[in-house]
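[1] with the sequence up front, the predicted model follows.
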Number of protein chains: 2
Amino acid sequence: MTKPRAASAAALAQTRRTLPIALLRARETVMDRFRPLLHRLDITEQQWRVLRVLDEAEAMDASDLAKGAAILAPSLSRILKTLEARGLIEVRKDQSDGRRTLINLSPAGGAFLAEAAPESAKIYEEIEALVGKDRLETLLDEIDALIVRLSDQK
Amino acid sequence: MTKPRAASAAALAQTRRTLPIALLRARETVMDRFRPLLHRLDITEQQWRVLRVLDEAEAMDASDLAKGAAILAPSLSRILKTLEARGLIEVRKDQSDGRRTLINLSPAGGAFLAEAAPESAKIYEEIEALVGKDRLETLLDEIDALIVRLSDQK
DNA sequence: ATTAGATCATTAACATGTTAAGCGAAGGGA
DNA sequence: TCCCTTCGCTTAACATGTTAATGATCTAAT
């Protein structure tokens, strides 16, 4: 660490207390705990999110899936190819609307999630234990409130 | 929106209240307000962070800069080339340690930041006004607490 | 002085983020 | 029906995220 003078140290503290960076750091810190599992599963964080969202629905079109997993449409297009090639999802055209693509978890995808779920849950429980369940719930509530207040409700 | 049955709706709510996704969504929501400015400046979010961190220090080596801007070393290497080519930063070798690279803001970089600072500050004030200063401070405090509790203090 | 190990930075390879453009399909009037 | 617009998704192009490997330098111990 380079020795900071008083002025620059204060300024640096100011940057650190900026919403975008704080949220980024928090996310990195949390993901560091999941990364070893994801690496063992040979799957990316985004692919994991897609599978988990699909596991909670029957079949979704790509738009809903993108929103649910917080992934942009172009990224999702690429991810779906990867997951389909790996046999974890099934993709088909919507018969009633030729523009839409319907996606659902394949049996293999369901098995994949079922096998990984206990480890994932265990990690989340560790986080809960370290942070405190109350504190974590409060944080999630405040994040929700932030999103609601900042969302452009066109 | 596809009609969710009661069960899947509850499950979906569960995913949404997951720390990694909540933090991701919050960050996206906040950044949506800064993106138009960054686009007008023809600069990426990461490049902007690098410049701001440099503005708060004299000269930093790449490692400290990477930590300060929350950017991984490989990404920073590429970003430094871009910013140097654009004349916004100055890069030189550390004389006392040939491994280190020292980076500082160039005069042009300082002018660039000075010109953009008012707009940036205005956006942040809008966010403060919408969220509430108290609520925002609380949120930042809780995020800090989260990071401290989850950090591996090897 | 030498050498093994650690450190700092870069490069490589692949996946995703981001914006813009493109394409086929659906919808809504004239 | 035709035309125009909108919608859903994909592709393109470039920047960054992520992990592993490489290169160069420093450090410490011999």
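    That came through, no problem. Numbers count the residues shown, from 1 in each chain, chains lettered A, B, ... in the order given.

[2] look up phi and psi at the residue most central in space within chain A.
    In chain A, the C-alpha nearest the mean C-alpha coordinate belongs to A:R49, at 5.1 Å (Cα atoms, centre = their mean). Backbone torsions of A:R49, given as degrees, to the nearest 10, read phi -60, psi -40.

[3] the helix ranked longest in chain A vs DNA strand D: in contact?
    Criterion DSSP state H: the longest helix present in chain A is helix A:107-131. No. Using Cβ under 7 Å from any atom of the strand, we find that helix A:107-131 stays clear of DNA strand D, coming within 14.2 Å at best. C-beta coordinates here come from the backbone N, C-alpha and C atoms, glycine included.

[4] chain center to that helix, what's the gap?
    From the chain centre to the centre of helix A:107-131 is a distance of 14 Å (Cα atoms, centre = their mean, to the nearest Å).

[5] what sits against the nearest residue to the residue nearest to the centre of chain A once chain neighbours are set aside?
    Closest residue to A:R49 apart from its sequence neighbours, by Cβ to Cβ, 6 or more residues apart in numbering or on different chains: A:A69 at 4.2 Å. Residues counted as contacts of A:A69 (Cβ atoms under 8 Å, 6 or more residues apart in numbering or on different chains) are A:Q46, A:R49, A:V50, A:R52, A:V53, A:L76, B:I21.

[6] near DNA strand D, which residues of chain A?
    A:28, A:31, A:35, A:39, A:45, A:61-63, A:73-74, A:76-78, A:80, A:97, A:99-101.

[7] wait, doesn't A:I21 sit right on A:T15?
    Yes. Counting by Cβ atoms under 8 Å, A:T15 is a contact partner of A:I21 at 6.7 Å.

[8] so which bits of the longest helix of chain A are buried?
    Of the residues in helix A:107-131, A:G109, A:F112, A:L113, A:A116, A:S120, A:Y124, A:I127, A:V131 count as buried by neighbour count, 16 or more other Cβ atoms under 10 Å in any protein chain shown.

[9] run through the neighbouring helices and strands of that helix.
    helix A:19-41, helix A:45-55, helix A:133-150, helix B:133-150 (3 or more Cβ pairs under 8 Å, 6 or more residues apart in numbering or on different chains; DSSP states H and E).

[10] roughly how far apart are A:V30 and DNA strand D?
    Per Cβ to the nearest atom of the strand, to the nearest Å, A:V30 is found 11 Å from DNA strand D.

[11] ok, now A:I123?
    From A:I123 to DNA strand D the distance is 14 Å (Cβ to the nearest atom of the strand).

[12] and what of A:G110?
    Where DNA strand D is concerned, A:G110 sits at a distance of 21 Å (Cβ to the nearest atom of the strand).

[13] where's A:I71, which helix or strand?
    Element membership for A:I71 (DSSP states H and E) is empty, with no helix or strand holding it.

[14] confidence score at it?
    At A:I71, the predicted lDDT confidence score is 97.

[15] for it, which non-adjacent residue is spatially closest?
    Using Cβ to Cβ, 6+ apart, the closest residue to A:I71 is A:Q46 (5.7 Å).

[16] and if you look at A:D144?
    Closest to A:D144 by Cβ to Cβ, 6+ apart is B:A22, at 7.3 Å.

[17] what's the neighbour count on that neighbour?
    Using other Cβ atoms under 10 Å in any protein chain shown, the number of residues around B:A22 comes to 25.

[18] same question, A:D32
    12.

[19] which two among the contacts of A:A69 are spaced furthest apart?
    A:L76 and B:I21 (14.9 Å; Cβ to Cβ).

[20] where does chain A have low pLDDT?
    By pLDDT under 70, the weakly predicted segments of chain A are A:1-14, A:152-154.

[21] one step back: can you narrow the contacts of A:A69 to ones near DNA strand C?
    A:Q46.

[22] nearest to DNA strand C among the contacts of A:A69?
    DNA strand C has its nearest neighbour among these in A:Q46, at 4.1 Å by Cβ to the nearest atom of the strand.
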